[in-house]
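[1] here are the coordinates; sequence isn't available:
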């Protein structure tokens, strides 16, 4: 395909970034293997934890590579973008924004080893809203689906689901490793239940002044 110059530059940039990240993951795998033989004042290094994290990151990188391949096909720009992307841009913006916020939150926690918030970006809910919006499109309701072209968008949605699942897994893992602001997510959620502490403990309700 003859891409416009700005798209060619963007694709090359993404490919270079993918290669850089893949090499970094390979490097980190090698460093992790060596930590088992190094003495540590704090006790044994949590090799299993970081191996799990690296495995999740590798899986995510593989899916992001597939996403890049899907979204740089000619049909994506000539058909899919017009019929699927532009009509649901609002919902797609919310999903992408939540995913970026997730990456940023996890990145900060890894760099600073600080507790995560008890509430993480609702990326999956945003993706589900995107799927619901797609189902309302005329091209879907009329079943006017051209398999070879429109399946690119459904591949995009499925791959984003996989990326978000890995982000959610990493979020839970990092919360367990570095802690949660306010002690735990369950305590945060308890603040928004209908449970009446005063009534349960038999205390009289105070009147508003």
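    That came through fine. Everything numeric in this text was worked out from a predicted model, so none of it was measured. Numbering: from 1, shown residues only.

[2] Find the centremost residue of this structure, please.
    With distances taken as CA atoms, centre = their mean, the chain has residue 164 as the residue nearest its mean C-alpha position (3.4 Å).

[3] I figured that one hits residue 99, correct?
    Yes. Assessed by CB atoms under 8 Å, residue 164 is found in contact with residue 99 at 6.6 Å. No exception for glycine: its C-beta is placed from N, CA and C like everyone else's.

[4] if I look at the two, which residues touch both of them?
    Common contact partners of residue 164 and residue 99 (CB atoms under 8 Å, 6 or more residues apart in numbering): residue 123.

[5] any low-confidence regions in this protein?
    1-4, 6, 144-148, 195-209 (pLDDT under 70).

[6] where do the helices sit along this structure?
    For the chain, helices defined by DSSP state H occupy the ranges 5-35, 47-70, 74-75, 89-112, 123-135, 138-141, 147-178, 185-190, 197-200.

[7] Please tell me how far the first one is from the chain's geometric centre.
    Its chain's average C-alpha position is 18 Å from that of helix 5-35, according to CA atoms, centre = their mean, to the nearest Å.

[8] Which strands or helices does it pack on?
    Secondary-structure packing of helix 5-35 (3 or more CB pairs under 8 Å, 6 or more residues apart in numbering; DSSP states H and E): helix 47-70.

[9] what angle do the helix it packs on and helix 147-178 make?
    If you take axes from the mean of the first three to the mean of the last three CA atoms, to 10 degrees, helix 47-70 sits at 160 degrees to helix 147-178.

[10] before we move on, back to that, quick check: closest non-adjacent residue to the residue nearest to the centre of the chain.
    residue 123 (4.7 Å; CB to CB, 6 or more residues apart in numbering).

[11] And residue 124, by the same measure?
    residue 164 (5.1 Å).

[12] before we move on, back to that, roughly how far apart are the residue nearest to residue 164 and residue 168?
    Per CB to CB, to the nearest Å, residue 123 is found 8 Å from residue 168.

[13] the more surrounded of the two?
    Neighbours were counted for residue 123 and for residue 168 using other CB atoms under 10 Å; residue 123 has more, 26 against 15.

[14] The residue nearest to the centre of the chain: what's it in contact with?
    Residue 164 is in contact with 99, 102, 123-124, 127, counting by CB under 8 Å, 6+ apart.

[15] That'll do, ta.
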